[in-house]
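# Would you be able to build a 3D model of this:
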Amino acid sequence: MKKAASIVLTVLFFLAFFAGTGVLLHVSKAERHGISCRELEVSVPGPHQFVSEDEARGWIDNFYGIYVGQRLEDVNIASIEKMLETKAPVRKAEVWITDDGVLHALVLQRDPVLRFEYKGNGYYTDRESNIFPLSGDYVADVPVISCDPKLGFDPEWLSQTIGLVRKISGSNVWSKRIEGYAVDSNGDFILLGESLRIIYGDFKESARKFAAMERYYSEIAPLRADQPYHTVNVKYKGQIICRKDL
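Predicted coordinates for the structure are as follows:
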């Protein structure tokens, strides 16, 4: 009997609890219904500076129009998020509105791994091969590749390029030997050392090409200290073609 009474009391307690919660939520919703959006706060955390807070604010103003004065539940935050994420330098956007009437926008920028440049123009790419433009006076500290964008590089090529550059940058030996990168008019990938141009070619047979480059640095270059070569071609199997001209 006591056990049955205990069960009844427990059930009544939870019914009362959920009923009370429902009333509170209803009151909160009713109070929120009367609140209007009063301002916008934009946050664009670093470390990069592709997008400024003022620029992101301008995107929202131009896209959405008037949001100040709108009731909180009428502000279409999903559409603002979607718009922000169409911007090339933006990796992700989060938009929410708080009960004090503040519309918040958090803009997360892409993280570049390479910069492509050609005659003063260029673009960045991130690790997922997303391309986005250079930005004003801000220059990210990433490896630079000199090439004509008209050559047309697809995502697979970009991915292979990123892989090769990361391999070189992550090596204590090769990061000291290779100072830059380029792509010539034939589409051959070029490694740039101090007064040295290495024609790497495509991204096939990486192990063979690195072995050939190591042989050049350890065996051939020391013999030409007084008259060094300026171009080394390792793209062909079984050959290391060295020239004095760049």
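# who touches L196 in this structure?
228-232 (Cβ atoms under 8 Å, 6 or more residues apart in numbering). For glycine as for every other residue, the C-beta is placed from the backbone atoms N, C-alpha and C.
# Mind doing that once more with 7 Å?
Residues in contact with L196 (Cβ atoms under 7 Å, 6 or more residues apart in numbering) are 230, 232.
# can you pull the contacts of K244?
229-230.
# Only C-alpha atoms, please: export whichever helix or strand Y123 is part of in CSV.
In the assignment (DSSP states H and E), Y123 maps to strand 121-126. Output of strand 121-126 as CSV, limited to C-alpha atoms (Å, rounded to 0.1, in the frame of the first residue of the first chain):
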residue,chain,number,x,y,z
ASN,A,121,47.0,39.1,-58.8
GLY,A,122,46.4,35.8,-57.1
TYR,A,123,44.4,33.7,-54.7
TYR,A,124,44.7,31.5,-51.6
THR,A,125,43.7,27.8,-51.2
ASP,A,126,43.0,26.0,-48.0
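# So in that sheet, which strands flank that strand, and in what orientation?
With DSSP bridges as the test, strand 121-126 is paired with strand 112-118 (antiparallel), strand 131-133 (antiparallel).
# In it, which residues are buried?
For strand 121-126, burial by neighbour count (16 or more other Cβ atoms under 10 Å) applies to 122-126.
# cool, and stretch 211-219?
212-213, 216-217.
# and if you look at stretch 225-243?
229, 232-235, 240, 242.
# Show me how this protein divides into domains.
Following the assignment in automatic domain parsing, the chain carries domains at 39-109, 112-243.
# I'd like these written out as TSV, with mean pLDDT added.
Formatted as TSV, these follow (pLDDT from 0 to 100):
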stretch	mean pLDDT
domain 39-109	96
domain 112-243	93
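# Got the phi and psi for V183?
phi -130, psi 120 (degrees, to the nearest 10).
# Could you count how many residues lie near the closest residue in space to it that isn't next to it in sequence?
Closest residue in space to V183, ignoring its immediate chain neighbours: C147 at 3.6 Å, by Cβ to Cβ, 6 or more residues apart in numbering. Using other Cβ atoms under 10 Å, C147 has 21 neighbouring residues.
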